[in-house]
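**Q** fold the stuff below for me.
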Amino acid sequence: MSLNNNNIDKKLLVDDIHKIKSTRLKRKRTSSSNTRRKKICKKKKKDKNIVEETLNITENKIELCDLSEEVLILILENVSSPGLINMSKTSWLFHRLCKTDTLWKHRCKIDFNLSTKWVEFSYLYLYEMFFKAATLRDDQNFFKPVSQLKTSVIVWYLVNPIPPCHVVGHLTASQVKSIWGITEEELEEMYFDDSEDRPEIFPLCHYDWSRLYQVFVRKHGGIKPMQNYVLKRCFRNRQALEEHYKLSLHASRRQKWYKYLEDRDVGNRDALKALTMHMPKVTYLYMLHQITAMYIDGNLKGGFQTVKAYAEFCAIFKSWMEEKSLKLWPPRLGEILAQDYRDALDYVNKSLALVAEERELNVDAFMRKACPFIEKLHEIWLWQNQHGTSYRKEHRSSMIVRRHEYFRKYLELGFTEDFAKLRMYFERREVLSHWLKENLWLISVLGDAVVRSLRPPMLTPDFTFPVLGNDPVACLVQRFLETGLYHDFNKIRMKLSELASMQIHALFKKSQGLERILMNDSRHHFFPPKPRLQQQQRGSIMPPLHPPYQMFFPQTNFFHCTNNGQHFR
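**A** Numbering: from 1, shown residues only. The predicted model follows:
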């Protein structure tokens with residue numbers, strides 16, 4: 001008994017020891033997990049503190065838009081005019097501030113030395129007009145000899161003591177009077193200073209521009225009155241400046257475009273060849289393409305980058321189209337390929353003209369329009385040659401297919417319904433032409449004018465369906481081509497059979513009438529009546545004798561003629 005009790009006590013002790021160890025392990029685990037949690041919480045607190053600090057730092061930062069408008073205007077006064085234009089596109093605030101009159105008054109003073117303006121208009125408009133005059137001044141092709149220049153344009157440069165170009169640096173007395181409005185008496189009084197020796201011969205041959213500017217200021221009593229006088233003259237000549245400015249920009253853009261194409265160092269010969277190949281010969285190349293014409297006229301948003309991308313597109317697209325067309329059977333070559341190229345470029349120019357006015361275009365934008373157009377064109381070509389080239393020439397000629405309205409709709413819009421309508425139209429015409437070949441006797445009975453609408457389209461290229469009521473067969477044919485119903489096809493056949501039966505019945509009546517005449521002629525014998533000669537009166541001239549009345553009689557012989565064939569027996 002004692003042994004058993006001892007064993008039981010040992011087991012209990014072992015169990016207690018295990019329990020104690022397990023509790024200790026649990027405590028260690030809980031303590032370790034608690035420490036981990038504490039560490040994680042500390043890290044989160046640190047992260048939160050860092051975020052809050054950064055937020056506080058960003059909140060304490062001052063942005064440009066937070067400044068007052070007066071401070072912003074003082075900052076913008078140090079920005080150039082192109083910079084102001086770019087700043088006006090950033091936000092509504094700067095768009096409003098960059099149009100303030102004080103900014104452009106400052107720019108007019110710095111750039112053009114102007115201290116006054118027109119009462120009717122703002123300083124922004126004044127700056128715009130004098131900027132256009134400065135653009136004309138930089139155009140070397142515009143300033144020709146003074147005799148060809150207009151005073152309405154030179155008057156814009158009178159506020160500057162520096163001449164716009166060397167051509168107008170020295171002027172004659174008549175030119176000084178027309179441009180500056182200074183007479184010879186005023187020149188004689190104010191052209192030379194008191195310290196200078198005046199020449200013996202006066203007036204001079206030529207007068208210097210800078211000296212004339214000083215005389216001009218002295219005449220009007222200061223710079224501000226002089227500028228008011230000049231601005232009055234400029235106000236009357238605004239339209240002339242606008243016209244010359246447009247012509248100058250047009251010529252400069254065209255010159256830049258041609259210079260780009262003819263630059264051999266850049267390697268644009270492929271683009272030039274693609275732009276001119278397969279195109280009609282004209283004086284100005286840009287007239288053939290709407291995108292280039294828009295650039296030269298100043299209506300292209302992307303400017304020269306867009307037109308440059310268009311030239312590269314023409315070179316890439318031409319080689320791609322030729323490679324694609326050679327893989328077809330039969331291949332599209334010669335004039336057909338040239339026509340495809342012209343149609344594709346025409347479609348690209350028309351479809352992207354409005355887009356080009358709003359954003360800049362690249363080569364991929366042009367290719368995304370042109371490639372599907374050619375692929376759809378090749379799809380139609382494969383359908384045309386489905387039964388061979390001879391069948392295409394007779395029933396599905398390209399000249400006839402191109403005229404159809406659904407041909408152009410499918411190429412431009414890409415709807416499969418339009419292609420299905422195009423196919424159905426020509427396939428229904430083929431049904432009519434095949435049926436006519438099986439019933440060629442209708443042509444001999446009714447004539448070609450009645451059956452013309454059933455012939456293949458290549459044999460009647462100029463055929464147009466008449467007004468309803470004029471030709472019933474053509475109207476029924478048109479109805480069948482639109483619907484494709486078997487009932488409408490039967491109406492055509494019924495109408496033709498009705499017309500043929502009426503024609504045959506009329507011919508049968510005519511043949512019966514002819515038979516009756518022949519039967520009556522075979523029963524009775526007629527002899528030619530003797531001509532009655534009137535008695536010749538005295539003193540009167542006898543009228544000429546006519547040949548006897550002749551008639552063909554089946555049972556009698558012909559009248560025999562003499563050897564010379566002039567008299568009857």
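**Q** my guess is T102 meets L74, correct?
**A** No. Contact criterion C-beta atoms under 8 Å: T102 and L74 do not qualify, at 9.7 Å. Backbone N, C-alpha and C define where each C-beta goes, glycine included.
**Q** what residues go with each domain of the protein?
**A** Under automatic domain parsing, the residue ranges defining each domain of the chain are 1-57, 100-245, 248-427, 430-516.
**Q** any idea how far the last one is from the chain center?
**A** What it means is domain 430-516. 45 Å (C-alpha atoms, centre = their mean, to the nearest Å).
**Q** now swap in the third one and tell me
**A** Centroid separation for domain 248-427 versus its chain: 11 Å, with C-alpha atoms, centre = their mean.
**Q** straight-line length of it, end to end?
**A** One end of domain 248-427 sits 57 Å from the other (C-alpha to C-alpha, to the nearest Å).
**Q** select, out of the domains of the chain, the one closest to W92.
**A** Of all the domains of the chain, the one in closest proximity to W92, counting by C-beta to C-beta, is domain 100-245 (13.9 Å).
**Q** mind listing what the residue sitting nearest the centre point of the chain touches?
**A** Using C-alpha atoms, centre = their mean, the residue of the chain that lies closest to the mean C-alpha position is K350, 2.7 Å off. Listed by C-beta atoms under 8 Å, 6 or more residues apart in numbering, the contact set of K350 reads Q290.
**Q** how about the helices in the stretch 451-569 of the chain?
**A** 472-483, 486-523 (DSSP state H, counting those that start in this stretch).
**Q** the closest residue to I504 other than its chain neighbours and V473, how far apart?
**A** Spatially, and ignoring its direct neighbours in sequence, I504 is nearest to V445 (6.6 Å; C-beta to C-beta, 6 or more residues apart in numbering). Between V445 and V473 the computed distance is 13 Å (C-beta to C-beta, to the nearest Å).
**Q** so for the two, which sits in the more crowded spot?
**A** Higher neighbour count among V445 and V473: V473, with 19 against 16, using other C-beta atoms under 10 Å.
**Q** who are the contact partners of that one?
**A** V450, V451, S453, L454, I492, K495, L496, L499.
**Q** picking that back up, and the strand or helix carrying the residue nearest to the centre of the chain, average pLDDT?
**A** Per DSSP states H and E, K350 falls inside helix 335-356. Across helix 335-356, pLDDT averages out at 92.
**Q** quick one: average confidence on the following helix or strand past that helix?
**A** Beyond helix 335-356 in the direction of the C-terminus, DSSP H and E gives the next helix or strand as helix 363-384. The pLDDT scores in helix 363-384 average 95.
**Q** between helix 363-384 and helix 335-356, how many degrees?
**A** If you take axes from the mean of the first three to the mean of the last three C-alpha atoms, to 10 degrees, helix 363-384 sits at 140 degrees to helix 335-356.
**Q** the stretch 1-150 of the chain: helices as residue ranges?
**A** Using DSSP H, counting those that start in this stretch, helices in the stretch 1-150 of the chain cover 2-60, 69-76, 81-87, 92-97, 101-112, 123-138.
**Q** just for this protein, where's the confidence low?
**A** 1-62, 142-149, 193-204, 264-268, 278-288, 459-469, 523-569 (pLDDT under 70).
**Q** how much space separates the closest residue to K117 other than its chain neighbours from H106?
**A** In space, K117 comes closest to L126 once its chain neighbours are excluded; the distance is 4.9 Å by C-beta to C-beta, 6+ apart. Between L126 and H106 the distance is 12 Å, computed by C-beta to C-beta.
**Q** okay, the two: which has more neighbours?
**A** L126 (22 against 16).
**Q** does M87 touch N78 like I think?
**A** No. Using C-beta under 8 Å, M87 is not in contact with N78; the gap is 11.7 Å.
**Q** give me the more crowded residue out of the two.
**A** M87 (17 against 8).
**Q** show me what contacts the more buried one?
**A** Contacts of M87 (C-beta under 8 Å, 6+ apart): L76, V79, F94, C98.
**Q** am I right that P163 is in a strand?
**A** No. With DSSP: H, G, I helix; E, B strand; the rest coil as the criterion, P163 is located in coil rather than a strand.
**Q** ignoring the adjacent residues along the chain, who's closest to it?
**A** In space, P163 is closest to W209, 3.9 Å off (C-beta to C-beta, 6+ apart).
**Q** so who does that neighbour touch?
**A** By C-beta under 8 Å, 6+ apart, W209 lies in contact with P161, I162, P163, V168, G169, H170, L171.
**Q** what's the local residue count around the fifth one?
**A** Just to be clear, that refers to G169. Quick note: G169 (other C-beta under 10 Å) scores 15 neighbours.
**Q** ok, it - contacts?
**A** G169 neighbours (C-beta under 8 Å, 6+ apart): P163, D208, W209.
**Q** tell me the phi and psi of it?
**A** Dihedral pair for G169: phi -70, psi -30, per degrees, to the nearest 10.
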